[in-house]
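A.B. asks: Okay, here's the prediction I keep looking at, along with the sequence it came from:
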There are 2 protein chains.
Amino acid sequence: MEDYLVKALSGIIGEENVKTDIIDRYCYSMDASIYKSIPDVVVFPQSTEHVSEIMKFANAKEIPVTPRGAGTGLCGGAVPIEGGIVVDLTRMNRILEIDLDNFCVKVEPGVVQNQLNQMLNRYGFFFPPTPGSKKMCTIGGMISTNAGGMTAIKYGVTRNFVLGLKVVLASGEVLSLGGKTLKRSLGLDLIQLFAGTEGTLGIITEALLRIKPLPEETAVIVAPFQDINDATKAVNTVLSHTIPTAIEMLDSGSIKAVNTYMPELNLPEVDAILYFEVGGTYEEVRKQTDLIVETCKTHKSRNIQWTSDPSERQMLWQGREAAGGAIMTLDKRLVRVYEAEDVCVPISKIPEMVKKFQEISKKYGIPVCLYGHAGDGNIHSGILIDVRNQEEWQKLKNLTREVYETAMFLGGNISAEHGIGVLRADWMDRIQGLGLNYIKRIKKVFDPKGILNPGKLGI
Amino acid sequence: MEDYLVKALSGIIGEENVKTDIIDRYCYSMDASIYKSIPDVVVFPQSTEHVSEIMKFANAKEIPVTPRGAGTGLCGGAVPIEGGIVVDLTRMNRILEIDLDNFCVKVEPGVVQNQLNQMLNRYGFFFPPTPGSKKMCTIGGMISTNAGGMTAIKYGVTRNFVLGLKVVLASGEVLSLGGKTLKRSLGLDLIQLFAGTEGTLGIITEALLRIKPLPEETAVIVAPFQDINDATKAVNTVLSHTIPTAIEMLDSGSIKAVNTYMPELNLPEVDAILYFEVGGTYEEVRKQTDLIVETCKTHKSRNIQWTSDPSERQMLWQGREAAGGAIMTLDKRLVRVYEAEDVCVPISKIPEMVKKFQEISKKYGIPVCLYGHAGDGNIHSGILIDVRNQEEWQKLKNLTREVYETAMFLGGNISAEHGIGVLRADWMDRIQGLGLNYIKRIKKVFDPKGILNPGKLGI
């Protein structure tokens, strides 16, 4: 099988773009999740035509195909669960067009978020969706998971920025969708259909994205709260008047983790710290900063810090940015495992979700730090377990179940921006309900043989 | 058939909610488009359960069902082309919940945009999407056509505001989708699938919508340009720095029409007039107004007017608001007909689209006035013909074809916000291309018997 595969694929895209060495294949057996599965072959297409030919071949032979960007996903979306072909799209990483007359860019799927923004910033523009993995994650992956990130509260999520797509279907057919207009009412919107489907319906080979002008000024406000309930009230009051660029949060566990990791930051060990970022004209930023500082004071925050100075801003952000890494170093015997790491609740329910999460953590004796996007109710968790201990895995499973049930009970959902992949595939019945039957049938419409990223999304 | 229908439907929702009188049925044979087709019966459900029972019955008996909001659609989307049952949803018009803690509202589909906003304004909030028909159009219709309107450039289109939906399928099954969170990455997003599909996949019976805080201050700037190219350059320069709430435009024809209709407005008879609206804090509005005024001056606009005074603002808007009505009165022998009325082009192509549209108008001797949303390239047209003259209809058809081909050649599309309905159904092959095969198959997944709004969207 393998020889045959290699020969056929080499014929399509050249021998140099086909890897079968066990070391290469091992590297492509994983993403940033807990899953591993070794593919039969890894290919590196460099054009839509390459991807189309690969799909025609794979479809004819019914070989599973798993598309892959940077592999930063936390749910196994890019893990080739059923083996077959991994299609690495990172060599399709050209910015094809920057159209400042129409405020859009055309890119290949392997372009990295940060790379795109560095280019755009030179012209005074930016692409707003900002996942935590912005320095590595690709645009293709962002569209496929409908990535959100810090700025979603103000600017929206990735799907809101996709004006056009080129998508290769399971059959190898190529759909060219959308164009350089902000509006379209043309019936069923296939762009919106593909966004967030993690490569199960087609492989994105080109994207046309909306861009926005950079704000003239930015400020950061950091406000500690003795009680997370007050923090949430402050968030609500602020959002009743204005929409900041970001509202981030650290819970007490994350604060302690950061202080252990970077004692020099000396964060106040309170119930919650809020980080606000505001952007706009100088006048607007001054006004928004005043509003936020006053609101936080009213809700009992003390020792609030704020600045619009670029290097001071970076200093203030350090606490929030260190959280992910800090958690990993809390206990050297334990490993951070991504489970229950992306729940989302209505923002008024954040305190309840956080308290309940902390209780569940205690109940199972599994250390959990919480942080994330207080402006949109998206709470990330850093969970540490002894991965060599089978019992801990079982506990983690139970903890996850309780956390998901709590999020759903509070009117939220189990993934805000990371996606479903393998990790949450078993939950899709409960999440999508009756809708899952229809989603499965749509999957069949696009991929009757089930070769595109099989084993994902519960379909 | 009719007796049987009435009896069955009366059994489901009560005799008083079933109309079969020819006068009633005639009223429901049309929307605001050029199409007419008389239904067999009109029903007025008052709950999701009603709609579900109606669909179960209709599906079993294979009777066409056309859902309908306010009937303001311009493409025949609500016209029962194949007869059968019209489901009027305007009695399902309750605002079910206003949740200011989570910045959302839950409404029934028959709630009118303006009615919702009047309610929300009392609390300092609003629902941004603003079609021209805001005083009449319903939320259900807005979602079904992915309505845009004036504020799309800043806030986005209707689909961006839908957090949740309740949808009754052809089978009568009820899907409950989404919730009070701004983010979700749960695979295929059925909410986004239903948005814009004009009731061909299901009937919306409830919607959860995101709302935003009202700006503290608003200003309007009106800038006349001797050359539409300069107007577009001004739009581009403004959008490179800030995103106003609205950027509207009148072409020379629309200006003349408005001056004929309301001579007291005495608009300058130039190539194009731009209307900008900006909103935000007092400081922000002052700054944005300065920027826009200076930019327009740089691009050769003279006699610019601006104000933040509410009654003066309304006065300034009059010219733009009168355009639609003014066009109808230009020549009493002619009737305004909605065709080629909603094209969209990349904003840099507006001058070319307008000039070409004016040329095509001259070529066929059909008077055309152009106006619309310069910030997003959406150009509306007022077209007048002698509707009793068969030849004029043929000319109109040819004019429309040339206009659509021009819009597509310029990288645009044939409908920005009005939809497809019957009017543009024949164009869907060209517009959706290969994608239409897949859309037709998705239609079959949801509505295997083809009873939901048949004859629409080319599916």
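C.D. replies: Arrived safely, thanks for sending. Residues are numbered from 1 along each chain as shown, chains lettered A, B, ... in the order given.

A.B. asks: From residue A:251, how far out is the residue nearest to residue A:386 when sequence neighbours are not counted?
C.D. replies: Once flanking residues are discounted, residue A:386 sits nearest to residue A:392: 5.0 Å by C-beta to C-beta, 6 or more residues apart in numbering or on different chains. Where you see a C-beta, it was placed from the backbone N, CA and C, and this is true even at glycine. Using C-beta to C-beta, to the nearest Å, residue A:392 is found at 22 Å from residue A:251.

A.B. asks: more crowded one of those two?
C.D. replies: residue A:251 (27 against 20; other C-beta atoms under 10 Å in any protein chain shown).

A.B. asks: got the contact list for that one?
C.D. replies: Residues near residue A:251 by C-beta atoms under 8 Å, 6 or more residues apart in numbering or on different chains: A:228, A:271-272, A:354, A:358, A:369-371.

A.B. asks: CSV please, covering these and showing distance to residue B:102 and neighbour count.
C.D. replies: Converted to CSV, the contacts of residue A:251 look like this (distance: C-beta to C-beta, whole Å; neighbours: other C-beta atoms under 10 Å in any protein chain shown):
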residue, distance to residue B:102, neighbour count
A:228, 17, 25
A:271, 21, 18
A:272, 19, 28
A:354, 16, 26
A:358, 22, 17
A:369, 25, 27
A:370, 19, 27
A:371, 21, 28
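
A.B. asks: taking the residues you listed one by one, which sit in helices?
C.D. replies: A:228, A:354, A:358 (DSSP state H).

A.B. asks: Can you report how many residues neighbour residue A:97?
C.D. replies: 12.

A.B. asks: okay, the nearest residue to residue A:227 once chain neighbours are set aside: pLDDT?
C.D. replies: Excluding the flanking residues, the one nearest residue A:227 by C-beta to C-beta, 6+ apart is residue A:271, at 5.3 Å. For residue A:271, the model assigns a pLDDT of 97.

A.B. asks: For residue B:447, see how far away residue A:271 is.
C.D. replies: With C-beta to C-beta as the criterion, residue A:271 and residue B:447 are 52 Å apart.

A.B. asks: Do I have it right that the residue nearest to residue A:227 meets residue A:223?
C.D. replies: No: Residue A:271 lies out of contact with residue A:223 (C-beta atoms under 8 Å); the separation is 12.0 Å.

A.B. asks: before we move on, back to that, what's the closest of the ones in helices among the contacts of residue A:251 to residue A:141?
C.D. replies: Proximity of these to residue A:141 (C-beta to C-beta) peaks at residue A:354, which lies at 28.4 Å.

A.B. asks: didn't that closest one look like it was pressed against residue A:227?
C.D. replies: No: taking contacts as C-beta under 8 Å, residue A:354 lies outside contact range of residue A:227: 11.2 Å.

A.B. asks: what residues do the two have in common as contacts?
C.D. replies: residue A:272.

A.B. asks: Contact residues of the stretch 351-459 of chain A facing chain B?
C.D. replies: A:373, A:376-378, A:411-420, A:428, A:431-435, A:438-439, A:441-443, A:445-446, A:457-459 (C-beta under 8 Å from any C-beta of the partner chain).

A.B. asks: Now a PyMOL select for only the buried ones of those residues.
C.D. replies: Listed next is the PyMOL selection for buried residues among those, using 16 or more other C-beta atoms under 10 Å in any protein chain shown:
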select buried, chain A and resi 373+376+377+378+411+412+413+414+415+416+417+418+419+420+428+431+432+435+438+439+442+443+445+446+457+458+459
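
A.B. asks: Restricted to strands, list the residues of the stretch 351-459 of chain A next to chain B.
C.D. replies: Mapping those onto strands (DSSP state E) picks out A:373, A:378.

A.B. asks: residues in contact with residue A:82?
C.D. replies: A:37, A:64, A:454-455.

A.B. asks: What distance do you get for it to chain B?
C.D. replies: Distance from residue A:82 to chain B, counting by C-beta to the nearest C-beta, to the nearest Å: 18 Å.

A.B. asks: Which helix or strand contains that residue?
C.D. replies: Secondary structure assignment for residue A:82, by DSSP states H and E: no helix or strand.

A.B. asks: How many neighbouring residues does the residue nearest to it when sequence neighbours are not counted have?
C.D. replies: Spatial nearest neighbour of residue A:82, excluding adjacent residues (C-beta to C-beta, 6+ apart): residue A:64 at 4.3 Å. Look at residue A:64: counted by other C-beta under 10 Å, it has 21 neighbours.

A.B. asks: cool, the one 3 residues further on as well?
C.D. replies: When neighbours are defined as other C-beta under 10 Å, residue A:67 has 29 of them.

A.B. asks: Which strand residues bridge it?
C.D. replies: residue A:87 (DSSP bridges).

A.B. asks: isn't it right up against residue A:143?
C.D. replies: No: between residue A:67 and residue A:143 there is no contact under C-beta under 8 Å: 11.3 Å.

A.B. asks: Spit out the residues that contact those two alike.
C.D. replies: With C-beta under 8 Å, 6+ apart as the test, residue A:67 and residue A:143 both reach residue A:204.

A.B. asks: circling back: could you check how far the residue nearest to residue A:82 is from residue B:286?
C.D. replies: From residue A:64 to residue B:286 the distance is 59 Å (C-beta to C-beta).

A.B. asks: got it, and residue A:218?
C.D. replies: From residue A:218 over to residue B:286 (counting by C-beta to C-beta), the distance is 20 Å.

A.B. asks: what's the answer for residue A:122, then?
C.D. replies: 29 Å.

A.B. asks: more neighbours, the two?
C.D. replies: More crowded of residue A:122 and residue B:286, by other C-beta under 10 Å: residue B:286, with 17 against 9.

A.B. asks: What mean pLDDT does the helix or strand harbouring the more buried one get?
C.D. replies: Assigned by DSSP H and E, residue B:286 belongs to helix B:282-298. On average, the pLDDT along helix B:282-298 is 96.

A.B. asks: Check which element follows it along the chain.
C.D. replies: Next along from helix B:282-298, by DSSP H and E: strand B:305-307.

A.B. asks: distance between that following strand and the chain's centre?
C.D. replies: 28 Å (C-alpha atoms, centre = their mean, to the nearest Å).

A.B. asks: Mind listing the strands that strand pairs with, and their directions?
C.D. replies: Sheet pairing for strand B:305-307, using DSSP bridges, gives strand B:217-225 (antiparallel).

A.B. asks: Distance from the partner strand to the middle of the chain?
C.D. replies: 23 Å.

A.B. asks: what's the angle from it to helix B:282-298?
C.D. replies: 0 degrees (axes from the mean of the first three to the mean of the last three C-alpha atoms, to 10 degrees).

A.B. asks: Just the CA coordinates for strand B:217-225, please, in PDB.
C.D. replies: The C-alpha trace of strand B:217-225 is given here as PDB (Å, rounded to 0.1, in the frame of the first residue of the first chain):
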ATOM      1  CA  GLU B 217     -23.400  61.000  20.100                       C
ATOM      2  CA  THR B 218     -24.100  60.900  16.400                       C
ATOM      3  CA  ALA B 219     -23.200  63.300  13.600                       C
ATOM      4  CA  VAL B 220     -24.000  63.600   9.900                       C
ATOM      5  CA  ILE B 221     -21.800  65.000   7.200                       C
ATOM      6  CA  VAL B 222     -23.100  65.700   3.700                       C
ATOM      7  CA  ALA B 223     -20.600  66.300   0.900                       C
ATOM      8  CA  PRO B 224     -21.300  67.000  -2.700                       C
ATOM      9  CA  PHE B 225     -18.700  66.000  -5.400                       C
END
